[in-house]
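J.: Predicted coordinates and the sequence they were generated for:
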Amino acid sequence: MKITNSLKALKTRHRENRMVRRKGRVYIINKSNPRFKARQG
């Protein structure tokens, strides 16, 4: 999982990327292609 300063660029890299907030952290998740996982915070 990638830990990033800004997730805005990663969100546009795949059309199935979803932005999720969990426990004060922001995650990018992608069910069809799990290599696009990222976290911020």
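T.: Sure, I can see it.
J.: CA only for contacts and neighbour counts going forward, please
T.: Noted.
J.: Give me the residue at the spatial middle of this protein.
T.: The residue lying closest to the centre of the chain (CA atoms, centre = their mean) is residue 28, at 1.5 Å.
J.: And residue 28, what's its pLDDT?
T.: Residue 28 carries a pLDDT score of 96 in this model.
J.: Residue 34: neighbouring residues, count only.
T.: Using other CA atoms under 10 Å, residue 34 has 12 other residues around it.
J.: and it, what are its phi and psi?
T.: Torsion angles at residue 34 (phi, psi; degrees, to the nearest 10) stand at phi -70, psi 0.
J.: Please name the residues that touch it.
T.: By CA atoms under 8 Å, 6 or more residues apart in numbering, no residues touch residue 34.
J.: ranges for the strands of this protein?
T.: Assigned by DSSP state E, the chain shows strands spanning 2-3, 18-22, 25-29, 38-40.
J.: What is the first one packed up against?
T.: I take that to be strand 2-3. Packed against strand 2-3 by the contact rule (3 or more CA pairs under 8 Å, 6 or more residues apart in numbering; DSSP states H and E) you find strand 38-40.
J.: what is the mean pLDDT for the strand it packs on?
T.: Strand 38-40 comes out at a mean pLDDT of 96.
J.: That strand: which residues count as buried?
T.: 38-39 (16 or more other CA atoms under 10 Å).
J.: That strand: how far from the chain's middle?
T.: 5 Å (CA atoms, centre = their mean, to the nearest Å).
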